[in-house]
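Asks: Just need the structure, nothing else, for what follows:
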Amino acid sequence: MNITFVKILCVLCVLFTLFSCVSCTGDTTQETTTEYVYVPSVETTLPSQPETKINVNTSWQKNYEVEYVYYNKEQTDEELHISEKRHSTAFVVEYIDTNARLYYEKSGNDTDYYVIIPEENEQAYSKLSDSNFSDLSSMFMKLTAVSASLPTQNNVLYMYDEKVAGRDCHKYIQRAYTDGELTQSVYVWVDIEYGFAAKCEAYDAKNKKTTYWEITSFSAGELSETETFVDLSQYDFKESG
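Replies: Now for the predicted structure:
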């Protein structure tokens, strides 16, 4: 097994790893003891009454196409470029830098799961029995989930609105303290239309960026079935246990 193949397998493992370093779905578990105030620059205009609740609309998850960059120093040595395409019967995840793909296909009440790495002579296949295709969650879905109550958390402040990949977003800052010492700062850009984290940057106590992701393109409800089709006949598969 060559080094490239090992690296790709490590990358693929990231897909279903729950993102634990940055929490946008609830209050931080670290003690928050320090009050702080965001002071905007003179060029920034803040609304008189910032929104107190995020409009979380997950309807996009049934049919979407997204490309994004992702980095987490605990999971990978380098930035990943990832593409996801999902339709009602198929779902494709491509790790662009390695050409590795994960392919999920609806098969009755089950889901067929394929790992395709072009450099290898034999590809992996598995049947996810009693796994409803519509219930599958991708890394992007888990990664970008945001709590509707995020703006009201006592360690979160609204900063301003900014576009990410051409999409309107609210930008927030979330800070965590332990015994009065700042341990983490997280900037999160929340998509106004759907309420997911289109961009996020996390910094440790030394102000070193430890984790980030950012969408570079996104569309919902526009993907056709042919755009998620993968011709499996050109590969040899071995069923895994």
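Asks: Just give the nearest non-adjacent residue to the residue most central in space within the chain, would you?
Replies: Nearest to the geometric centre of the chain sits Phe140, at 2.9 Å (C-alpha atoms, centre = their mean). The spatial neighbour of Phe140 that comes closest, neighbours along the chain excluded (C-beta to C-beta, 6 or more residues apart in numbering), is Glu84 at 5.3 Å. Backbone N, C-alpha and C define where each C-beta goes, glycine included.
Asks: okay but that neighbour is in contact with Lys142, surely?
Replies: No: with contact defined as C-beta atoms under 8 Å, Glu84 does not reach Lys142; the gap is 11.8 Å.
Asks: So for the two, which sits in the more crowded spot?
Replies: Set Glu84 next to Lys142 and count neighbours by other C-beta atoms under 10 Å: Glu84 wins out with 21 against 14.
Asks: ok, that one to Lys206 distance?
Replies: According to C-beta to C-beta, to the nearest Å, Glu84 stands 33 Å off from Lys206.
Asks: Make sure Gln61 is indeed in a helix.
Replies: Yes: judged by DSSP: H, G, I helix; E, B strand; the rest coil, Gln61 forms part of a helix.
Asks: count of neighbours near the closest residue to it other than its chain neighbours?
Replies: Distances taken as C-beta to C-beta, 6+ apart place Met141 nearest to Gln61, at 5.9 Å, with adjacent residues excluded. Per other C-beta under 10 Å, the neighbour tally for Met141 reads 17.
Asks: Mind telling me what element Met141 is part of?
Replies: helix 139-143 (DSSP states H and E).
Asks: which helices and strands sit right next to that helix?
Replies: Secondary-structure packing of helix 139-143 (3 or more C-beta pairs under 8 Å, 6 or more residues apart in numbering; DSSP states H and E): strand 64-72, strand 80-86.
Asks: strand partners of the longest one, parallel vs antiparallel please.
Replies: Going back to what we said before, that points to strand 64-72. Paired strands of strand 64-72, with direction, are strand 80-86 (antiparallel), strand 209-220 (antiparallel) (DSSP bridges).
Asks: For the shortest one, buried residues please.
Replies: Going by neighbour count (16 or more other C-beta atoms under 10 Å), the buried part of strand 80-86 is Leu80, Ile82, Ser83, Glu84, Lys85, Arg86.
Asks: How is the closest residue to Tyr212 other than its chain neighbours assigned, secondary-structure-wise?
Replies: Using C-beta to C-beta, 6+ apart and skipping residues adjacent in sequence, the residue nearest Tyr212 is Glu201, 4.6 Å away. Assigned with three-state DSSP, Glu201 falls in the strand class.
Asks: got the contact list for Glu201?
Replies: Contacts for Glu201 (C-beta atoms under 8 Å, 6 or more residues apart in numbering) come out as Val186, Tyr187, Lys209, Thr211, Tyr212.
Asks: Would you list the buried entries among those?
Replies: Buried among those by 16+ other C-beta under 10 Å: Val186, Tyr187, Thr211, Tyr212.
Asks: Run through who's touching stretch 110-127.
Replies: Identification of contacts with stretch 110-127 by C-beta under 8 Å, 6+ apart yields 2, 4-5, 8, 12, 98-107, 128-133, 136, 230, 232, 235-240.
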